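Q: Dropping the sequence and predicted coords here.
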Amino acid sequence: RVQVSDGKLYYMAYEYDEETGVSTQTLHVYSMAEEKDVASYVLSGGEEPQEENVYRSMDNYAVRSDGSMVFVESVYDYRDEENPKSSATLCLFDKDFQRGEEVDLAEAAQTDADEFYVNGMLCDAEDRVYVISEQKIYLFDADLHYQGAVDTGDTWISMSGKGKDGKAYVSMYDQNGNGMVVREVDFAQKKLGEMHTGFLSGNGNSLTPGLDGDFLISDGTRVYDYSMADNKATELFAWLDCDIFGDYVRCMFVTEDGRIAVLMQDWSSDEKSVAYLSKVKTEELVQKTQITLGALYTNQEVLAAAVAFNKQSKDYHINVKYYMDETSNDENAYLDGRNALNNALISQDAPDMVEIGNVYIAALAAKGAFEDLGAYMDKSAVVKRADYQENVLQAATYSDCLVYIPKTFHIQTLVGKTAKVGAESGWTI
């Protein structure tokens, strides 16, 4: 979970030491002015003595206006397997990370501790605390005194955050046909405010104040600025245009100087980085030859490869064009998209490359829709025929044209006892 306050970025990190078997949960504080981590605090694990079968976590927290922080500490006690116990405690830490006041959430709300599965929290501009547990929002004033709860019925809260106006907001899927909506949490009235439609599901769990609109939202491939005034999400840019892989984005926010800061984490290497995006005129950009890659729907492996290529290429830039409407609930959306992709390959507006998984290869190859990659392979110093099984390349050849070069291939096998199937090598099925 990521929080932004007073020019600082707060984010969690989890580490596991394979030698000792110890897991450590750490909160890092990144200064945007200094562009580096300026503090880190161990929240659980580490060198602390660990009680066997007792698990602690402090996944949910919020930063207050004075730099202090409020955490929810969750404890799961399985020492008595037949009678496991759990607790959730609201904990206040000052700006020097000294632990102070504590409030037992179940005791304060007069409910069963087992009902608390905290999946979000925030503070508004008045430092009032909102603890989200499934379909309820528990309200605490700035002194951590319990003030009541907002019940959302059967609706699960998707994201939460503080808006530009300092008020608390949540997004959720409306059960009455309005799709994703965003609503204010009215602390005084203990209810949800006006419903704003046209919101996007997005990725992540935090609502982020917008650029010109009210909230920034990412669907994993593109970033939008959402306005509650007209219930409209306006596309700002695609992550691919910024050479960013959307799946690596942990959070984004608008800086004081109007840039968009993006915290990324490469899940394969655990490397973290922050990118700053600025609005510039098209003519000011480095001009590259644009290459269009056609695909039926979003493929994260393809996007990651495109981003990696774009970062290292000085002359070319890959754009990905999708032919299926992934937001449609139409039962024919997949077939319509597949037909659109295949028709595009024999049109004047064909993509330069295509992700081959949903293409009628044989029929299109017979019409001469594909370039023969064999000629390119024979001249390449990087991709060589000797690196591939010849029969694998043959399987990718249609009408004497090497249509694609497979990255992987799979072999299905059957295994049986020799008493049943014999010892002969090779079966005919």
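A: Everything's here; your move. Numbering: from 1, shown residues only.
Q: Helices of the protein, start to end?
A: 105-109, 300-312, 333-344, 361-366, 373-379, 390-395, 418-421 (DSSP state H).
Q: In terms of mean pLDDT, which of these ranks lowest?
A: Mean pLDDT values for the helices of the chain show the minimum at helix 418-421, a mean of 86.
Q: So which residues lie in contact with that helix, not counting its own?
A: By Cβ atoms under 8 Å, 6 or more residues apart in numbering, the list of residues contacting helix 418-421 from outside reads residue 427. The way it works is simple: take the backbone N, C-alpha and C, and place the C-beta from them, glycine included.
Q: Name the residues of that helix that are buried.
A: By 16 or more other Cβ atoms under 10 Å, helix 418-421 has no buried positions at all.
Q: just stretch 314-329 next, same as before
A: 317, 318, 320, 322, 323, 324.
Q: tell me which of those is nearest to residue 25?
A: residue 320 (36.0 Å; Cβ to Cβ).
Q: which residues does that closest one bridge with?
A: residue 293 (DSSP bridges).
Q: show me what contacts it?
A: 240, 292, 293, 294, 295, 302, 303, 306.
Q: Does the fourth one touch residue 351 like I think?
A: Yes: under the criterion of Cβ atoms under 8 Å, residue 294 makes contact with residue 351 at 3.3 Å.
Q: quick one: residue 138 from residue 3, how far?
A: 19 Å (Cβ to Cβ, to the nearest Å).
Q: before we move on, the earlier item: the more surrounded of residue 294 and residue 351?
A: residue 294 (22 against 18; other Cβ atoms under 10 Å).
Q: Next up, the contacts around the more buried one.
A: 320, 321, 323, 341, 344, 345, 350, 351, 353, 354, 355.
Q: Mind doing that once more with 7 Å?
A: Counting by Cβ atoms under 7 Å, 6 or more residues apart in numbering, residue 294 makes contact with 321, 323, 341, 344, 351, 354, 355.
Q: Verify the contact between the fourth one and residue 358 for me.
A: No: when contacts are counted by Cβ atoms under 7 Å, residue 344 is not listed as touching residue 358 (11.9 Å).
Q: so where is the stretch 51-200 of the chain shaky, pLDDT-wise?
A: Within the stretch 51-200 of the chain, the segments meeting pLDDT under 70 span 115.
Q: Can you show me the strands along it?
A: Using DSSP state E, counting those that start in this stretch, the strands of the stretch 51-200 of the chain run over 54-63, 69-77, 85-93, 99-104, 118-123, 129-133, 136-140, 146-151, 157-162, 168-174, 179-186, 191-196.
Q: quick one, which of these is packed in tightest?
A: strand 129-133 (a mean of 25; mean count of other Cβ atoms under 10 Å).
Q: still on that earlier bit, what would the buried residues of stretch 314-329 look like in JSON lines with pLDDT and distance to residue 279?
A: JSON lines is the format used below for those (pLDDT from 0 to 100; distance: Cβ to Cβ, whole Å):
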{"residue": "317", "pLDDT": "94", "distance to residue 279": "18"}
{"residue": "318", "pLDDT": "94", "distance to residue 279": "22"}
{"residue": "320", "pLDDT": "92", "distance to residue 279": "22"}
{"residue": "322", "pLDDT": "92", "distance to residue 279": "25"}
{"residue": "323", "pLDDT": "94", "distance to residue 279": "29"}
{"residue": "324", "pLDDT": "93", "distance to residue 279": "30"}
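Q: Between these, which sits nearest residue 99?
A: residue 320 (48.0 Å).
Q: Check the gap between residue 29 and residue 182 for me.
A: 28 Å.
Q: Next: residue 18.
A: In terms of Cβ to Cβ, residue 18 sits 42 Å off from residue 182.
Q: repeat for residue 405
A: For residue 405, the distance to residue 182 - Cβ to Cβ - is 45 Å.
Q: ok, which stretches of the stretch 201-350 of the chain are strands?
A: Using DSSP E, counting those that start in this stretch, strands in the stretch 201-350 of the chain cover 208-209, 215-218, 222-227, 232-238, 249-254, 260-265, 272-277, 289-295, 316-322.
Q: re earlier: can you pick out the most distant pair from the contacts of residue 294?
A: For the contacts of residue 294, and using Cβ to Cβ, no pair is farther apart than 344 and 355, which are 12.6 Å apart.
Q: what's the closest of the strands of the stretch 51-200 of the chain to residue 313?
A: Nearest of those (Cβ to Cβ): strand 157-162, 35.2 Å.
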